[in-house]
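Novice: sequence first, predicted model second:
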Amino acid sequence: MQEYKMKETKALERIVCNGCGRIIAVKHGMPMEGVLRVRQVWQYMSGKDGQIDSFDLCEECYDRMTKQFQIPPATTDAVELL
């Protein structure tokens, strides 16, 4: 869950991991560690038609979640890191 502080523009203040509740520090609008941001728009035939779900996971919660997968996530190496 991302929390914003309203100033003249919307500025990211902190991120709270939806899995464990840990606060992830943010400096100058950038998270200071790895965070998985998920935003799912549910389409027709899903049982959640038109619903939008979003959440953030810290790296530890991401690792714990993906260890439960029957098929692990596909991974590749990034050529350049931004």
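Specialist: Now that the structure is in, tell me what you want to look at. The structure presented is a predicted model; accordingly, all values stated were derived computationally and were not measured. Numbers count the residues shown, from 1 in each chain.
Novice: rest of the way, CA atoms for contacts and neighbours
Specialist: OK.
Novice: lowest average confidence, helix or strand, in the protein?
Specialist: Ranked by mean pLDDT, DSSP states H and E, the weakest helix or strand in the chain is strand 2-6, scoring a mean of 75.
Novice: residue 20 looks like it's in a strand, true?
Specialist: No: secondary structure of residue 20 (DSSP: H, G, I helix; E, B strand; the rest coil): coil, not part of a strand.
Novice: just the strands from this protein, written as ranges.
Specialist: With DSSP state E as the criterion, the chain has strands at 2-6, 10-16, 23-24, 26-27, 30-31, 35-41, 52-58.
Novice: how far away from the center of its chain is the fourth one?
Specialist: Going back to what we said before, that points to strand 26-27. 15 Å (C-alpha atoms, centre = their mean, to the nearest Å).
Novice: then the second one?
Specialist: When C-alpha coordinates are averaged (C-alpha atoms, centre = their mean), strand 10-16 and its chain have centres 12 Å apart.
Novice: that strand pairs with which strands?
Specialist: Strand pairing for strand 10-16, determined by DSSP bridges: strand 2-6 (antiparallel), strand 23-24 (antiparallel).
Novice: quickly compare those and say which is most buried.
Specialist: strand 23-24 (a mean of 16; mean count of other C-alpha atoms under 10 Å).
Novice: in the protein, which residue is most central in space?
Specialist: residue 37 (1.9 Å; C-alpha atoms, centre = their mean).
Novice: confidence score at that residue?
Specialist: If you check residue 37, the pLDDT there is 96.
Novice: quick one: which of the strands of the chain is nearest residue 78?
Specialist: Comparison of the strands of the chain against residue 78 by C-alpha to C-alpha identifies strand 35-41 as nearest, at 15.9 Å.
Novice: from the rest of the structure, what touches that closest one?
Specialist: 50, 51, 52, 53, 54, 55, 56, 57, 58, 59, 62 (C-alpha atoms under 8 Å, 6 or more residues apart in numbering).
Novice: got a winner among these for most neighbours?
Specialist: residue 57 (24 neighbours; other C-alpha atoms under 10 Å).
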